[in-house]
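> Sequence below, structure please.
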Amino acid sequence: MARLFGTDGVRGVANDELTPQLAMQLGQAGAHVLTKENEHKPTIMVGCDTRISGDMLANALMAGVCSVGANAVYVGVMPTPAVAYLTKKYKVDAGVVISASHNPVEFNGIKFFDGNGYKLPDEMEDEIEALIKNGMKDVAFPTGPSVGKIKYRTDAREEYINHSIKAVPVDLTGKKIVVDCAEGASYYTSVEALKELGATIIAIHNNPDGTNINANCGSTHMEELMARVVFEKADIGLAFDGDADRLLAVDENGTLVDGDQIMSIVGNHMKKQGKLHGDTIVVTVMSNLGFTIMAKENNIKVETTKVGDRYVLERMKEIGASLGGEQSGHVIFLDENTTGDGLLSALHLLEVLVDTGKPLSELAKIMTVMPQALENAMVPNHKKDNYMDYPEIASAIAEIEKKFAGEGRVLIRPSGTEPKVRVMIEGKDKAQIDAEAKKLAELIQNTML
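This is a model prediction of the structure:
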């Protein structure tokens, strides 16, 4: 049986792979593992994104929480970073987000935070998983007054907005911003925060109906935002994903500014302010080669981890870094929150625009983006980690690595959340790397099916 937890919690098609029964079991096992050291009656905060299956899974999970004698606080639709922040602020024992982030509406996910707002280490996830697979052996199910109860809070999102604008109190008067909310959890929080700071906001895809989350919008579909920024003559465009833990931007000319570039811009600004701890930024192996060159030119140290913002966070905590993240737009400001936070990323980026008086297109020149080709090979989920066991695949990878040695790189990795093997090739010749990546992805897919 494959591991239940991926790089970002438990994911799957809602009501098929991720059933209400599994959600209830995760509530039971999660509440037991996360709160077993407590002598008081524990409380777990639960929030979700806007997808239609959120209510079904949240209520099933909270039923599980209550069945082992813990209480639940339901905060409703809320960005993932808001739940992480509020879990710590309200001093509850743990937090849970029901979300599949940037994935289509049919998917959903369940991810846990400990009482300090941090994602769980692998060992704790394994403990939760083992309990479920062992039929909840040794878990007590109380009766009578010892059963848990659910409290509903509707005011929590305002506290997250207040925290964000207090952390980065930038005056946005005179700034015109197009915001793509991905029909997701940021539809209220991001718009209200930016308005409170004085910006003129044009909000798009901020009318979630439960079925339209991430549908041709948000940080995975940037085309409309790029065009709209130019049409509106806006200063900047901001794109969130479904659960608002990542941000991508668009400059005034409609050009994409990705997570690597955002970290380059903000990291250098923080360094000048003395706020970039150790003059270090933590990134993953997926970060562009251009980021490494930028860091070297600006005397910034780079720490590299495997893919997943949880691994970035772990390394940041180990070395005391204040900034880290991923090319995809997960950026962590550890002095202000414990997870990737799209709203904080937006505010920090806007702060640089205001402080320097420079347009985003000029700021983005600090880093030259090397061409990358990214292709996905669809493979059965239980096989995706074993791609190197196939001699023809291993041989093809070795051949490409030899071809690009010294002038680029090849990175092959299984997706942590989907039945895919991702092929990334970086180099100077875009046409060449596109062709090689496509050919290799097709080989992997055809060989492993």
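> burial count for F5?
Taking other Cβ atoms under 10 Å as the neighbour definition, F5 ends up with a count of 20. For the C-beta atoms, the positions are set from N, CA and C on the backbone; glycine is no exception.
> Relative to A130, how far out is it?
Plainly put, F5 is 11 Å away from A130 if you go by Cβ to Cβ, to the nearest Å.
> swap in P371?
Applying Cβ to Cβ, the value for P371 to A130 is 44 Å.
> Look up how far A346 lies from L197.
Applying Cβ to Cβ, one obtains 10 Å for the distance of L197 from A346.
> More neighbours: the two, which one.
More neighbours surround A346 than the other of L197 and A346, with 28 against 20 (other Cβ under 10 Å).
> and the more buried one, what is it in contact with?
S190, L194, L238, L247, A249 (Cβ atoms under 8 Å, 6 or more residues apart in numbering).
> nearest to F141, of the residues you listed?
S190 (40.8 Å; Cβ to Cβ).
> what sits against the closest one?
Contact partners of S190, counting by Cβ under 8 Å, 6+ apart, are V179, C181, L238, F240, A244, G342, L343, A346.
> what about it, which helix or strand?
S190 is located in helix 186-196, with elements delineated by DSSP states H and E.
> Tell me the strands beside the following helix or strand past that helix, with direction?
Past helix 186-196, heading to the C-terminal end, the next element that is a helix or strand (DSSP H and E) is strand 200-204. On the basis of DSSP bridges, the sheet neighbours of strand 200-204 come out as strand 176-180 (parallel).
> And the strands in the stretch 301-449 of the chain, which stretches?
Taking DSSP state E, counting those that start in this stretch as the test, the strands found in the stretch 301-449 of the chain are 301-305, 323-325, 331-333, 372-378, 409-414, 420-426.
> Pick out the shakiest of the ones you listed, pLDDT-wise.
Between the strands of the stretch 301-449 of the chain, the lowest average pLDDT goes to strand 409-414, which shows a mean of 88.
> Can you mark which positions in that strand are buried?
Using 16 or more other Cβ atoms under 10 Å as the burial criterion, the residues of strand 409-414 that qualify are R409, V410, L411, I412, R413, P414.
> isn't the second one right up against F404?
Yes. A contact is recorded between V410 and F404 when judged using Cβ atoms under 8 Å, the distance being 6.1 Å.
> Name the residues contacting each of the two.
Between them, V410 and F404 share the contacting residues I425, E426, judged by Cβ under 8 Å, 6+ apart.
> ok, K133 to L22 distance?
Looking at K133 against L22, where the rule is Cβ to Cβ, the gap reads 11 Å.
> on that earlier part again, save the strands of the stretch 301-449 of the chain as CSV, and put in distance to D114 too.
Conversion of these to CSV gives the following (distance: least, Cβ to Cβ, whole Å):
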stretch, distance to D114
strand 301-305, 20
strand 323-325, 19
strand 331-333, 16
strand 372-378, 32
strand 409-414, 26
strand 420-426, 29
